[in-house]
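Engineer: compute the structure for the input listed below.
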Amino acid sequence: MKFTDGFWQMRPGVSALYAEEAYDIVAAADSLTVTATTKVIADRGDTLNLPTLTVTLSSPLPGVVGVRIEHFQGGRAPIGFNLLGEQAGCGKAEVTAAGGKLTSGDLVATVAPGAPWELTFSVDGRTLTSSGHRSTGYLRVDAGGDVSGRMVESTRSSGGRTQEAPTTYVCEQLELGVGELVYGLGERFGPLVKNGQSVDIWNADGGTSSEQAYKNVPFYLTSRGYGVLVNDAGHVSYEIGSESVERVQFSVPGERLEYFVIYGPTPKEVLERYTALTGRPAAVPAWSYGPWLSTSFTTDYDEKTVTSFIDGMAERDLPLSVFHFDCFWMREFNWCDFEWDPRTFPDPEGMLGRLHDRGLHVCVWINPYIGQRSPLFAEAADAGYLVRKPNGDVWQWDLWQAGMGLVDFTNPDAVAWYQGKLRRLLDQGVDSFKTDFGERIPLDIVYADGSDPERMHNYYTLLYNQAVFDVLREVRGEGDAVLFARSATAGGQQSPVHWGGDSTSTFGSMAETLRGGLSLALSGFGFWSHDIGGFEGTPAPEVFKRWAAFGLLSSHSRFHGSESYRVPWAFDEEAVDVVRKFTHLKLALMPYLYAAGLEASRQGTPVLRPMLLEFPDDPAVAYLDRQYMLGADLLVAPVFTGSGEVEFYLPAGLWTSYLTGETVPGPCWRRETHGFDSLPLYVRDGAVLPVGAHTDRPDYDYLDGLTLNVYPSSVAETRTVTVTTPDGREVTFVVEHGGADATVTSSLSDGWSLRVAGSQSVPAADGRAQSTTGA
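Structural biologist: Presented below is the predicted three-dimensional model:
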């Protein structure tokens, strides 16, 4: 949202008051309160008829400073996020002649006394960012005022924004250093680097090819070693070097804005602190990492169809972990009634039992809407479980499901009722839920707890997915709950997994899907998936095969489409071979991938990582959005062409192709050509990859036949590798290696082996294995 007309003027209909002077600064033990006047006070008369801004500094965690800017304080505070990790007493405040200072860990926030207004965030005397002249503001927009860049949808009932009230905003601008780059803000499908973009934090069901996003997160991190979370669940508007090219501006409607500056210094450490504050991703079960196969959306299917798909996968040696039933497992017009359509699935309990007997888990589609024809509509409406209009009527519309209502997750009784319907399905044998939708949340409604509908528009998805995840965890146990969710906001990472939404079946959409996943990873989300082959349309065989390799080298892998099936043999026989190869590869890598997933849950580092997370000091990786690290040690560069041509970058170090064994010294750019059964998959300098002996399922005993693959290192070093099995056993291996020699010791006496790249495997004996040159 842009308020200014160039450097000198405001836009038509916009008036602004900015913090001009820190008139007084008061310190408590762990906070600072500043009265910021909106003009410089020359005499006592200037204190009359003058708005002020109250700026409060505090610290919820070491290395994190919160800033709250308020005009009028008498209103109800806007909905913020549940800051699970918040601690008391993390900041130390003091006021001297030099101003006010709040210290939290290594991060220091300093408010200069008097005029001009200056709030600086620094570490060891080095400024990270600051708020200066015409940065901290309170703005009024008249009806019809021009604030270009504000997202507008066609009607209020669509869940969109209009140009009417509210008319007041609080904004902040933080300085951008020369060359400083901004990342994050949720799953965004445009450029990975957000500089120059206007971004609205407003969930929308807009596919993957526009500026709209399913997962809007008001958090960004920058290349200068810090991140910023705006603690407002509603519409946050960002101008990232796009209104003032030297600054990031964020604004919210109303009378109050709160944000947190989160210090790293590395991007990983920023995410670690951010997820400590807003919640870490839950650990997901090992079985969820295997391939998911879907009925697709509007295709025809019944148990016979499902069985034919599963038989076809087994006959072709294509391991399968999860079978997903999309919307039409329920009867049309009834979504959701949580009842299997008896015309196509007359014996759901028997069918689920038969699927379980084949070693499969089952996922079914749900959404938070109740169609009018569903028997549950009247039940929910009568009980007050659906959101209502201001006049007391149940809110309804015909978009998606005829006459549908929206479950009110602010009502604890409605949550319990909804969870009860899911619990019955879990008792039948369902293992997981695809929690679709949650973005089209209207504004002209009243919630049971009186929540502001504007703030609830984004926050609704958090309550929806949390309600579903909680019942899964209750029934299945900690570590065995998993969703397949589309919408999210800050904190949503606690209820994984999330998938990238409705892409199209093209190479271009495959690339934008990856950009969305990388952006989401830099927003605190640890697990991510996407529809292999794209959702809308039917992919050409070349697109399907390239996407299959990419999808099976993501944390989670699902074959799903809209109007056509995604079984590999529907494309060609080579597609079957490609899916088999990369499925077996992923399942063999499960000891490594499962460990990366546990790291995501414990530290907040995502499984699929933008290059800058692992190589923050290499300027060449800053803009890379067509490659990624899978865990810490595997570099993946998907191929976005049918011809197989691909260009990618290898940072400093000695890299080894996982598929061919070729070694390449970095840093360098590479141009390669790959068949459909290949792609650039490189192992990092000195990596030790734990590789399993099984390729038929993801949830096996990783220690049974484990091989520790040791890759060339440019320096002699010692590494520690911990392998955790799905049942929770942990074994640590200490690896000393350099050149072609390696020695591994462990408390596990035998049953595993060591293999130095290019050499034969050496079985362990008495907890030790050694490979020397020529062995």
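Engineer: so what pLDDT did the closest residue to Phe338 other than its chain neighbours get?
Structural biologist: In this structure, Phe338 finds its nearest non-sequential neighbour in Lys421, 4.3 Å apart by Cβ to Cβ, 6 or more residues apart in numbering. In short, each C-beta sits where N, CA and C put it, glycine included. Looking at Lys421, its pLDDT is 98.
Engineer: who does the top strand by length along the chain touch, helix- and strand-wise?
Structural biologist: Taking DSSP state E as the criterion, the chain has its longest strand at strand 645-657. Secondary-structure packing of strand 645-657 (3 or more Cβ pairs under 8 Å, 6 or more residues apart in numbering; DSSP states H and E): helix 611-614, strand 634-636, strand 663-673, strand 681-683.
Engineer: what comes into contact with the third one?
Structural biologist: If I follow you right, that is strand 663-673. The contact list for strand 663-673, computed with Cβ atoms under 8 Å, 6 or more residues apart in numbering, reads 618, 620, 643-657, 680, 682, 712.
Engineer: mind listing what the closest residue to Arg388 other than its chain neighbours touches?
Structural biologist: Excluding its sequence neighbours, the residue lying closest to Arg388 (Cβ to Cβ, 6+ apart) is Val446, at 5.2 Å. For Val446, the contact set (Cβ under 8 Å, 6+ apart) comprises Val387, Arg388, Lys389, Pro390, Pro453.
Engineer: for these, which one is nearest Phe571?
Structural biologist: Phe571 lies nearest to Val387 out of the contacts of Val446, by Cβ to Cβ, at 43.3 Å.
Engineer: adding distance to Ala716, mean pLDDT and mean neighbour count, write the helices and strands packed on strand 645-657 out as CSV.
Structural biologist: Shown next, in CSV, are these (distance: least, Cβ to Cβ, whole Å; pLDDT from 0 to 100; neighbours: other Cβ atoms under 10 Å):
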stretch, distance to Ala716, mean pLDDT, mean neighbour count
helix 611-614, 21, 98, 24
strand 634-636, 22, 98, 22
strand 663-673, 17, 98, 14
strand 681-683, 18, 98, 23
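Engineer: any chance of these in a markdown table, with distance to Leu84 too?
Structural biologist: Below are the helices and strands packed on strand 645-657 laid out as a markdown table (distance: least, Cβ to Cβ, whole Å):
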| stretch | distance to Leu84 |
| --- | --- |
| helix 611-614 | 23 |
| strand 634-636 | 31 |
| strand 663-673 | 39 |
| strand 681-683 | 36 |
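Engineer: out of the ones you listed, nearest to Gly537?
Structural biologist: Closest to Gly537 of these is strand 634-636 (Cβ to Cβ; 24.8 Å).
Engineer: relative to that closest one, what are the paired strands and their orientations?
Structural biologist: Strand pairing for strand 634-636, using DSSP bridges, gives strand 628-630 (antiparallel), strand 681-683 (antiparallel).
Engineer: so which of the helices and strands packed on strand 645-657 gets nearest Ser251?
Structural biologist: Among the helices and strands packed on strand 645-657, the nearest to Ser251 by Cβ to Cβ is helix 611-614 (27.2 Å).
Engineer: same for the closest one, what does it pack against?
Structural biologist: helix 267-278, strand 628-630, strand 645-657.
Engineer: those into TSV, with extra columns for mean neighbour count and distance to Val394?
Structural biologist: As requested, those are arranged in TSV below (neighbours: other Cβ atoms under 10 Å; distance: least, Cβ to Cβ, whole Å):
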stretch	mean neighbour count	distance to Val394
helix 267-278	25	33
strand 628-630	24	45
strand 645-657	19	53
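Engineer: adding mean pLDDT and distance to Ala570, write these out as CSV.
Structural biologist: Below are the helices and strands packed on helix 611-614 laid out as CSV (pLDDT from 0 to 100; distance: least, Cβ to Cβ, whole Å):
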stretch, mean pLDDT, distance to Ala570
helix 267-278, 98, 39
strand 628-630, 98, 27
strand 645-657, 98, 26
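Engineer: Pro375 is nearest to which of the strands paired with strand 634-636?
Structural biologist: Taking the strands paired with strand 634-636 one by one with Cβ to Cβ, strand 628-630 is closest: 45.5 Å.
Engineer: who touches the closest one?
Structural biologist: Strand 628-630 is contacted from outside by 514, 517-518, 553-555, 593, 596, 607-611, 613-614, 635-636, using Cβ under 8 Å, 6+ apart.
Engineer: try 7 Å
Structural biologist: Applying Cβ atoms under 7 Å, 6 or more residues apart in numbering, the contact partners of strand 628-630 are Leu518, Leu553, Val607, Leu608, Arg609, Pro610, Met611, Glu614, Leu635, Val636.
Engineer: alright, calling it a day.
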